[in-house]
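# Let me see the structure of the following:
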Amino acid sequence: MTNLKLNKPTDSEMEILQILWEEGPSTVREVHQILSAIKESGYTTTLKLMQIMHDKGMLSRNDEAKTHIYSALIKKESVQKQAVGNMIKGLFKGSSAKLVMHALGNHRASREEIDEIKKYLDEIEFSGMNEKKKNQKK
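Numbering: from 1, shown residues only. So this is what the prediction gives:
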């Protein structure tokens, strides 16, 4: 798998990765059509960027057919994990709690999102309690 420390995606690369994560394997033309709806971009710019991403190991390219099909080699979860980790270290001095409070303070969460957050916190608390019990038995 690709080393994300060496190949941290740029903003433009992230836009292409987002499209490939949502749409799956796609041609340059398909990516460009979606990208051009978001921002002004030339086809040759999209093509060159995807070629560079392929050279960096971020994308695979199936060139068996006349039209090349590109796929993301980087998993969305890996990029998210790295980005959040960097954000926690850099902006929030290592405090994930400050990140969560800041995010919730700037964005109104829906009832479903709040329920999901509560459920996740309960799971973390429960697993922490089980870990404590294991350590006490040793």
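# what residue ranges in the protein score low on pLDDT?
Scanning the chain for pLDDT under 70 picks out 1-7, 129-138.
# Break it into its domains for me.
11-74, 77-137 (automatic domain parsing).
# deepest of the ones you listed, which one?
domain 11-74 (a mean of 16; mean count of other Cβ atoms under 10 Å). (C-beta placed from N, C-alpha, C; glycine too.)
# any idea how far that domain is from the chain center?
Mean-position distance between domain 11-74 and its chain equals 16 Å (Cα atoms, centre = their mean, to the nearest Å).
# start to end distance for that domain?
End-to-end span of domain 11-74 (Cα to Cα, to the nearest Å): 15 Å.
# And for stretch 14-32?
With Cα to Cα, one end of stretch 14-32 sits 14 Å from the other.
# In terms of helices and strands, where is Met87?
Using DSSP states H and E, Met87 sits within helix 76-91.
# which other helices and strands contact whichever helix or strand comes after that helix?
Per DSSP H and E, the first helix or strand lying C-terminal to helix 76-91 is helix 96-106. In terms of contacts (3 or more Cβ pairs under 8 Å, 6 or more residues apart in numbering; DSSP states H and E), helix 96-106 is packed against helix 76-91.
# For the helix holding Met87, which helices and strands make contact with it?
helix 11-23, helix 96-106.
# Distance to Lys75 for those helices - can I get that in CSV?
CSV is the format used below for those (distance: least, Cβ to Cβ, whole Å):
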stretch, distance to Lys75
helix 11-23, 9
helix 96-106, 21
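# With respect to Glu116, which of those lies nearest?
Within the helices and strands packed on helix 76-91, the stretch nearest Glu116 is helix 96-106; the backing value is 12.3 Å (Cβ to Cβ).
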